[in-house]
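>>> one predicted model, sequence on top.
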Amino acid sequence: MSYDQIYRRSLDDPEGFWAEAAAAIDWDRKWDMVLDASRPPFYRWFRGGRLNTCHNALDRHVHAGRGDQPAIIYDSPVTDTTRTLSYATVLDQVSRFAGGLRDLGVRTGDRVVIYMPMIPEALVAMLACARLGAVHSVVFGGFAAKELAARIEDARPTVIVAASCGIEAGRVIPYMPLLNGALDLCSHQPRHCVILQRPQAEAPLAEGRDRDWQEVARADPVGCVPVEATDPLYILYTSGTTGQPKGVVRDHGGHAVALAWSMRNIYDVKPGEVFWTASDVGWVVGHSYIVYGPLLNGSTTVVYEGKPVGTPDAGAFWRVVAEHDVRTLFTAPTAFRAIRKEDPDAKLLARYDLGRFRALFLAGERCDPETLGWAERVLDVPVIDHWWQTETGWAIAANCLGLGALPVKPGSPTKPAPGYDVQVLDEDGKNAAPGAIGNIAIKLPLPPGTLATLWQNDDRFEASYLARYPGYYLTGDAGYLDEDGYVFVMSRIDDVINVAGHRLSTGAMEEVLAGHPDVAECAVFGVNDPLKGQVPLGVVVLKAGVERDEAAIETELVQRVREAIGPVAAFRLAKVVKRLPKTRSGKILRGTMQKIADGQPYVAPATIDDATVLPEIETALASLTRSGR
Ligand code: COA
Ligand code: AMP
């Protein structure tokens, strides 16, 4: 069957389609209903089914004879380590760590926050939670204590699992001060913290509260706890339009089915093959395609602790692919921009044999056609841009290699993946004509594996995603469908920006700037960056009477964002201005300032209150461009 036929069937007969896909998963009890549509706009997949995700990711492969096959290849240039863990070894470690968590009081449905760098133990902790039916919530290491605190406060974990440190570009980053700093800000306290001591920076443990990973991991192994298909597997927080992150909830059944399906049909990866996602377990890409997707599929996953460049050089990715026989690589375009910048002629590639490498997948941000073209040229394999979000957990639009590749149109992640009825709607909710930009929405129900709701916040889930167009999920992206049905994703319609493939909220940064005692008002927006795609830029107006040195205030603002949100915000551009451009109704014209900062032509909007402010802004931002960008 062709892509078109399969896609059509997925929309015409979703229950038949996904019931067939569900055969790839072991169920403890078959579902009563493939799709429970009794409570729209909330839809649930495989209602009544029972399963365990960890069993599907580990135990069944060992039972099927894959025990000796590598499950995880840990490659860490920053610690000069390579380690291979077989399926049997990972199963043993996960079963014991699950036993240890249970001894610490973790029960089915309890939350466990995981704050760890890219080491195999992060996966062990996640899978141990899945084994118990506990709900993990992984927090990315580049976030500051305050962001970690917001997640702990919302998820209310019984236990927090952390490492003593991460290693970033040659720097050791102790995690304990961040964890303790976060807990100082929280009213909720976990019963225990389990700390993996890394030799680069051992952490002092708090008596009573903290346990050493090695002790916990020595517990007797425990079996899998079957849970409802609709029970939560994890919460993953992502940036929304305010400083309060959104807790995306993923269930067990739909998630396992969708990810297993995607491994074969989108990525075309077979059991036993090596699939490498160069991202971080703290992001959705890491959850789905470092951990669950490859393991549900019986493939081998690579856990890479390092950067694409500088560790030791821009040939790092080629080495990993060649050394570990990686067949398919998935990363963000920014990684390829970084490699191209260092090694534009890909001279380092010639050192390695990539003869068995089959495909490169890119996602996380818009893939510029130059980067796509460069990757295609130097690698000579299909390079596939695909589009998805934390909320969906897997691709909304892709060139499904397993279904037969479609022609590539640079700038487009190709066509909607089966299960997604993607439509472009205008302001009135009518379908936009081909080529016309509008809001990209997905007709409900969303397919299995997508978000069930926001953690303990159905109202915010409805208000954020479902209220704008009844019967549709609002992606938050604007774009168009062309006459061939290809999807083009052009920009966000909210304040989310994408910095080096990391999703951040400019609203959250504005909250931090506004908290500075000298700041009267402020605006943060994303501006183009040749490496990271976008970087945030903040402009502030000082309170009347503030006489302090403006440069000193700008430095403080940069420091504040780093401390409140984290280094990952990459907030380095702050400028004091006399006034901000606004509409007559008082709305700050961020879009106009963004155009000015990017050096694009602009016209003062008809609604502007006073157009004479724009030349002032232009001069101020030009000085920032000269000094910092
Ligand atoms: N823990 C602590 N700090 C972290 C961190 C982590 N896990 N991840 C990033 N940071 C820090 C970085 O060290 C940097 O700090 P600095 O301001 O002191 O230099 C800051 O956060 C910004 O990080 P980043 O935006 O990643 O910039 P970079 O210059 O370090 O690296 C790339 C740029 C392109 C090489 C890097 O972003 C990359 O490899 N991206 C790959 C794509 C990816 O993983 N995307 C995720 C979604 S698919
Ligand atoms: P995240 O939730 O961090 O995965 O970020 C999701 C957002 O990143 C999407 O809503 C898009 O704005 C953007 N994005 C991800 N992949 C792509 C892509 N292939 N093309 C364009 N934008 C993308």
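Ah, there it is. Ligands and ions are numbered 1, 2, ... in the order given.
>>> CA only for contacts and neighbour counts going forward, please
Will do.
>>> what residues are up against Val499?
Contacts were defined as C-alpha atoms under 8 Å, 6 or more residues apart in numbering; by that measure Val499 touches 532-536, 569-570.
>>> angles on the backbone of it, please.
Per-residue torsions, Val499: phi -110, psi 110 (degrees, to the nearest 10).
>>> now it: how far from Glu147?
In this structure, Val499 and Glu147 are 17 Å apart, going by C-alpha to C-alpha, to the nearest Å.
>>> what do you get for Val138?
Val138 sits 12 Å away from Glu147, going by C-alpha to C-alpha.
>>> Arg562 now?
Noted for Arg562: a distance of 11 Å to Glu147, by C-alpha to C-alpha.
>>> in helices, which of the contacts of Val499 appear?
Among the contacts of Val499, the subset assigned to helices under DSSP state H is empty.
>>> got these as JSON lines, with pLDDT, distance to ligand 1 and neighbour count columns?
Rendered in JSON lines, the data for the contacts of Val499 read as follows (pLDDT from 0 to 100; distance: C-alpha to the nearest ligand atom, whole Å; neighbours: other C-alpha atoms under 10 Å):
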{"residue": "Lys532", "pLDDT": "96", "distance to ligand 1": "6", "neighbour count": "20"}
{"residue": "Gly533", "pLDDT": "94", "distance to ligand 1": "9", "neighbour count": "21"}
{"residue": "Gln534", "pLDDT": "95", "distance to ligand 1": "10", "neighbour count": "21"}
{"residue": "Val535", "pLDDT": "96", "distance to ligand 1": "9", "neighbour count": "23"}
{"residue": "Pro536", "pLDDT": "97", "distance to ligand 1": "11", "neighbour count": "24"}
{"residue": "Ala569", "pLDDT": "96", "distance to ligand 1": "6", "neighbour count": "24"}
{"residue": "Ala570", "pLDDT": "96", "distance to ligand 1": "5", "neighbour count": "20"}
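>>> among those, which one sits closest to Thr311?
Using C-alpha to C-alpha, Lys532 is the member of the contacts of Val499 that lies nearest Thr311, at 18.3 Å.
>>> could you double-check that that closest one lies in contact with Gly501?
Yes. Counting by C-alpha atoms under 8 Å, Gly501 is a contact partner of Lys532 at 7.3 Å.
>>> what's downstream of the helix or strand containing Thr475, the next helix or strand?
Using DSSP states H and E, the secondary-structure element containing Thr475 is strand 472-481. Following strand 472-481 in sequence order, the next helix or strand is strand 487-492 (DSSP H and E).
>>> who's in contact with the helix or strand bottoming out on mean pLDDT in the chain?
Of all regular secondary-structure elements in the chain, judged by mean pLDDT, DSSP states H and E, the least confident is helix 613-628 with a mean of 82. For helix 613-628, contacts defined as C-alpha under 8 Å, 6+ apart pick out 572-575, 577, 579-581, 593, 596-597, 604.
>>> now the buried members of these.
For those, a burial check counting by 16 or more other C-alpha atoms under 10 Å picks out 572-575, 577, 579-581, 593, 596-597.
>>> and the two most separated of these?
Comparing the members of the buried ones among the contacts of helix 613-628, the greatest separation, given C-alpha to C-alpha, is between Arg572 and Pro581, at 21.8 Å.
>>> what about Val138 and Glu147, which has more around it?
Residue environment comparison for Val138 versus Glu147 gives the larger neighbour count to Val138, 28 against 23, counting by other C-alpha atoms under 10 Å.
>>> hmm, the more buried one is touching Ile114, no?
Yes. The pair Val138 and Ile114 qualifies as a contact (C-alpha under 8 Å) at a distance of 4.5 Å.
>>> what sits against Tyr304?
When contacts are counted by C-alpha under 8 Å, 6+ apart, Tyr304 touches 74-76, 118-119, 278.
>>> now, among those, which is nearest to ligand 1?
For the contacts of Tyr304, the minimum distance to ligand 1 (C-alpha to the nearest ligand atom) is 6.0 Å, reached by Ala278.
>>> count of neighbours near that closest one?
Using other C-alpha under 10 Å, Ala278 has 23 other residues around it.
>>> now it. Its backbone dihedrals?
Per degrees, to the nearest 10, the residue geometry at Ala278, taken as phi and psi, is phi -90, psi 80.
>>> my read is that it contacts Thr328, right?
No. Proximity of Ala278 to Thr328 does not meet the contact threshold set by C-alpha under 8 Å, at 10.8 Å.
>>> hang on, the earlier thing: could you dump the buried ones among the contacts of helix 613-628 into JSON lines with distance to Val257 added?
Formatted as JSON lines, the entries for the buried ones among the contacts of helix 613-628 read as follows, by distance: C-alpha to C-alpha, whole Å:
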{"residue": "Arg572", "distance to Val257": "42"}
{"residue": "Leu573", "distance to Val257": "44"}
{"residue": "Ala574", "distance to Val257": "46"}
{"residue": "Lys575", "distance to Val257": "49"}
{"residue": "Val577", "distance to Val257": "53"}
{"residue": "Arg579", "distance to Val257": "53"}
{"residue": "Leu580", "distance to Val257": "50"}
{"residue": "Pro581", "distance to Val257": "50"}
{"residue": "Met593", "distance to Val257": "45"}
{"residue": "Ile596", "distance to Val257": "46"}
{"residue": "Ala597", "distance to Val257": "45"}
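>>> before we move on, back to that, can you flag which of the contacts of Val499 belong to strands?
Restricting the contacts of Val499 to those inside strands, with DSSP state E as the criterion, leaves 533-536.
>>> one step back: shared neighbours, Lys532 and Gly501?
Thr334.
>>> just want the phi and psi numbers for Asp529.
Main-chain dihedrals, Asp529, degrees, to the nearest 10: phi -140, psi 130.
>>> repeat that for Leu406.
Backbone torsions for Leu406, taken as degrees, to the nearest 10, come to phi -100, psi 160.
>>> what residues does the protein have near ligand 2?
Contacts of the chain with ligand 2, taken as C-alpha under 6 Å from any ligand atom, map to 363-367, 385-390, 413, 477, 489, 492, 502-503.
>>> let's see 5 Å
363-366, 386-390, 489, 503 (C-alpha under 5 Å from any ligand atom).
>>> closest one of those to ligand 1?
Relative to ligand 1, the closest of the residues of the chain next to ligand 2 is Gly364; by C-alpha to the nearest ligand atom it sits at 4.9 Å.
>>> for that closest one, which non-adjacent residue is spatially closest?
Of all residues not flanking Gly364 in the chain, Gly501 sits nearest, at 4.9 Å (C-alpha to C-alpha, 6 or more residues apart in numbering).
>>> tell me the phi and psi of the one you found?
Note on Gly501: its backbone torsions stand at phi 80, psi 0 [degrees, to the nearest 10].
>>> please apply the same query to Asp59.
When quoted as degrees, to the nearest 10, the phi and psi of Asp59 stand at phi -50, psi -50.
>>> in the stretch 401-550 of the chain, what residue spans correspond to helices?
Listed in chain order, the helices of the stretch 401-550 of the chain (DSSP state H, counting those that start in this stretch) span 458-461, 506-514, 550-564.
>>> tell me which residues in the shortest one are buried?
Burial within helix 458-461, assessed by neighbour count using 16+ other C-alpha under 10 Å, is assigned to Phe461.
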